[in-house]
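1. sequence first, then the predicted structure, then my questions.
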Amino acid sequence: MSKSKKIGILFGSENTFPSELAKRINQKNEDGIIAEFIKIDKVVQGEPAGYDVIIDRISDVVPFYRTFLKNEGICGTAVINNPFWLSAGENFFNYALMSKVNITVPKTVLLPSNKPPANTDSDSFRNLSYPLNWDAIFNYVGFPALLKPVYKEDSNKILRIEKRDEFFEIYNKTSQQVMMLQEEIEFTEYFRCYCIDRSHVRVIKYDPSQLPHLKYLHHPASIEEEQLANITEIVLVINYLLGLDFNTVDIAVRDNIPYAIDFLNPVPETDIEMIGKNNFEWLVEATANMAIRRALEYKPGRNNLTWGKFLTQFVNNKNLII
């Protein structure tokens, strides 16, 4: 009899998705694979917690869990998503990377924090010309524009700016946050696309202006076949490059051109009341199948994390090829 393989689910205040995911995995009765909620009573350096696969739904807001998952990763656990890459990822880099592989993104410029970071002085910024070339920046991005934080944990603090004078009024209040100024895409259609296992994509019509429970179209959207194929390809390329096993990509369409707006969202909304029964069912089934596959492929003593194509080609000193 083969040794059982354990899939652990790490989560916070969610209710519907973690419980249904564990139930679905266990109902499949796959080769001794079991799923359970993780309980942590100690974390010792270099010692695993006993899971072949971990589905992470909470470490983005709990640093203790992120460090725990890195320890699991070096012990060979297949953590979904890779906690090392999530610690390194940030928004401006993602836009820059996509611009190199011909995925259309909004025009974006990196800005230094308005207030200097702690433990710095004027000498720390000898290489920074100030004032910046604001005319060139504004001419490139245009108005209206969005002032966004670079780091994902602050991404709910997006500010809309309609003109130059308003920019300085708002930027002066951003303190030590590193920001970026981004072209606003006035879209005719908007989609939130779930991508599981870098292979399976669910394209959902989405309305960012609505209340949370009204944002997602709960039934399969009628999308023109060529547009659906184009969006799906964009989503797969992004997740292939970044090495994200569980992620969403937001696509805004302007003048029939899809723009990748937001694509580092490794802990997206999963609640059945928010995303709807049909989308929820697809998500549970796709995630369960991914977790089982990763458990079956698990090899003790091996690095079982997913690493994005960008990073692996970069480390091997090869050109970025999709």
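-> Looks like it arrived, so ask away.

2. which stretches in the stretch 101-250 of the chain count as strands?
-> Counting by DSSP state E, counting those that start in this stretch, the stretch 101-250 of the chain has strands at residues 108-111, 145-149, 159-161, 179-183, 189-196, 200-205, 246-254.

3. now do the second one, average pLDDT.
-> It refers to strand 145-149. The average pLDDT within strand 145-149 is 96.

4. dump the residue contacts of residue 220.
-> Taking CB atoms under 8 Å, 6 or more residues apart in numbering as the contact definition, residue 220 lies against residue 278. C-betas here are computed from N, CA, C, even on glycine.

5. where's the residue nearest to residue 76 when sequence neighbours are not counted relative to residue 286, distance?
-> In space, and not counting its chain neighbours, residue 76 is closest to residue 304: 5.5 Å by CB to CB, 6 or more residues apart in numbering. For residue 304, the distance to residue 286 equals 19 Å [CB to CB, to the nearest Å].

6. with residue 140 instead?
-> Taking CB to CB, one finds residue 140 at 39 Å from residue 286.

7. and those two? Which one has more around it.
-> residue 286 (19 against 13; other CB atoms under 10 Å).

8. okay, the angle between the host helix or strand of the more buried one and strand 189-196?
-> Remark: residue 286 resides in helix 277-297, with elements defined by DSSP states H and E. Per axes from the mean of the first three to the mean of the last three CA atoms, to 10 degrees, the angle that helix 277-297 makes with strand 189-196 is 30 degrees.

9. helix 277-297: what's the following helix or strand?
-> helix 309-315.

10. buried stuff in that next one?
-> By 16 or more other CB atoms under 10 Å, the buried positions in helix 309-315 come out as 309-311.

11. residue 17 contacts residue 281, doesn't it?
-> No - counting by CB atoms under 8 Å, residue 17 does not reach residue 281; the two are 11.2 Å apart.

12. who's more crowded, those two?
-> Summary of the neighbour comparison: residue 17 and residue 281, criterion other CB under 10 Å, with residue 17 having more neighbours (21 against 14).

13. list the contacts for that one?
-> 11, 57, 270-272, 280, 283-284.

14. list phi and psi for it.
-> Taking degrees, to the nearest 10, you get phi -70, psi -50 for the backbone angles of residue 17.
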